[in-house]
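Participant: The following comprises the amino acid sequence and a computationally predicted model.
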Amino acid sequence: MGRDYFLDKDIIKDKNDNLYVVITNYNPPGYVFAYLKYVYTGEGLWKGYERVFKKNGVKNLIKIKQNFEYEPCYGSTFPVLKISEIKNHFKPEDKIKEIIHKPANKLEETVINMLAEMEVNLPLDKIGVTGSLLAGISHENSDVDLVIYGKKYAEDFVNTFQGFEEDKDWIIETSENYSLPIELVKTIYSKKTRGKYKGVKYSFLFVDDHPWKYNEKVCIEVNPIKAIGENVSDYRALFYPSISTLYSQGKTFNIVSYEGIYSLALYYSKKIEAFGMLMKCEDELEIVIGDKKIGGYIRPIM
């Protein structure tokens, strides 16, 4: 029957046929953390659907007209969808099996060819397809968004796969979407996770294959902060939100990035500059990247 809980990168259709993307593995009671990405108008490029969330980044996400809930334990506001409003739940691991069994179009054939050429040993049950392919609304120029499940396979992948062609458009678009200098964006870009395969844009995303406990701690906003120091990371930097530990001026901070573009930078970089919102989470200090007030960034220091 498959899993009956929600994971990051799943797609949900509500009772009005709007399409949402799940964010994080938290499973709150009564609703799901998910943002609205497509609405059906009958005129959109994606089989009648139009994109609502057109540009990535938290500052663009908070402009979407959907329900947002303030989570007092996290000290932040999240886009949500009530469980009672869900019509369909699409899972990336189910779609990849469908595609491999019987590809329905050239884009799905591209997925099969990509997997064959990666030369990375990944069990089929640890791979998934998300994005417009999972939702069933892709067109001939759609991107391919692949999911790798589990900490072992996420780390094996990023330490083995070298990527295909560079996607130079991504660097320019990310600079514009996040209001970041081009030079900074270049330091966080890797064709391991974003690139082109025979002209088709791709992304590789990493998801823990287990649900997470909800509201384990209470966080209070303090003030914006910039900290430079030693970055210590593990597999959690690859998942969303990205998490690592920063030692700066005798203090220890948990870095929590809600901007997925920094995941590889947090995973690989030994020294970073982090600008974000300082939160006091009981007896721990946290720097949140992607705060709706100040945004924030991660800059690797070579």
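Facilitator: Yep, it's here. Since this is a predicted model, take the numbers as computed values, not measurements. Residues are numbered from 1 along each chain as shown.

Participant: any chance you could map the strands in the stretch 101-250 of the chain?
Facilitator: Remark: strands assigned in the stretch 101-250 of the chain by DSSP state E, counting those that start in this stretch are 127-130, 144-149, 194-197, 200-207, 219-232, 242-248.

Participant: Give the residue spans of the chain that score low on pLDDT.
Facilitator: 1 (pLDDT under 70).

Participant: Can you add distance to Pro72 and mean neighbour count and give the strands of the stretch 101-250 of the chain back as TSV?
Facilitator: All C-beta spots, glycine's among them, are computed from the backbone N, C-alpha and C. Shown next, in TSV, are the strands of the stretch 101-250 of the chain (distance: least, C-beta to C-beta, whole Å; neighbours: other C-beta atoms under 10 Å):
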stretch	distance to Pro72	mean neighbour count
strand 127-130	30	25
strand 144-149	31	24
strand 194-197	35	20
strand 200-207	26	22
strand 219-232	9	16
strand 242-248	21	20
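
Participant: Among those strands, which comes closest to Asp283?
Facilitator: Of all the strands of the stretch 101-250 of the chain, it is strand 219-232 that lies closest to Asp283, at 11.6 Å by C-beta to C-beta.

Participant: partners of the closest one, with directions?
Facilitator: Strand 219-232 pairs in its sheet with strand 242-248 (antiparallel), strand 271-281 (antiparallel), by DSSP bridges.

Participant: Redo these as TSV? Include distance to Val256.
Facilitator: Formatted as TSV, the strands paired with strand 219-232 follow (distance: least, C-beta to C-beta, whole Å):
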stretch	distance to Val256
strand 242-248	6
strand 271-281	8
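
Participant: Would you tell me which of these gets closest to Leu19?
Facilitator: Nearest of those (C-beta to C-beta): strand 242-248, 24.6 Å.

Participant: residues in contact with that closest one?
Facilitator: 227-234, 236-237, 252-257, 260, 262-263, 266-267, 272, 274, 287 (C-beta atoms under 8 Å, 6 or more residues apart in numbering).

Participant: Stretch 178-190 too?
Facilitator: Counting by C-beta under 8 Å, 6+ apart, 56-57, 59, 163, 170-172, 174-175, 259, 261-262, 264-265, 295, 297-300, 302 sit against stretch 178-190.

Participant: quick one: buried residues of it?
Facilitator: Tyr178, Leu180, Leu184, Val185, Ile188, Tyr189, Ser190 (16 or more other C-beta atoms under 10 Å).

Participant: what do you get for stretch 295-302?
Facilitator: Result for stretch 295-302 [16+ other C-beta under 10 Å]: buried residues Gly295, Gly296, Tyr297, Ile298, Arg299, Pro300.

Participant: rewinding a little: and Tyr35, which of the strands paired with strand 219-232 is closest to it?
Facilitator: Per C-beta to C-beta, nearest to Tyr35 of those: strand 242-248, 17.3 Å.

Participant: Now do the closest one and strand 200-207, the angle between them.
Facilitator: 70 degrees (axes from the mean of the first three to the mean of the last three C-alpha atoms, to 10 degrees).

Participant: And for the nearest residue to Asn25 once chain neighbours are set aside, the neighbour number?
Facilitator: Closest residue in space to Asn25, ignoring its immediate chain neighbours: Trp212 at 4.4 Å, by C-beta to C-beta, 6 or more residues apart in numbering. By the criterion of other C-beta atoms under 10 Å, Trp212 has 13 neighbours.
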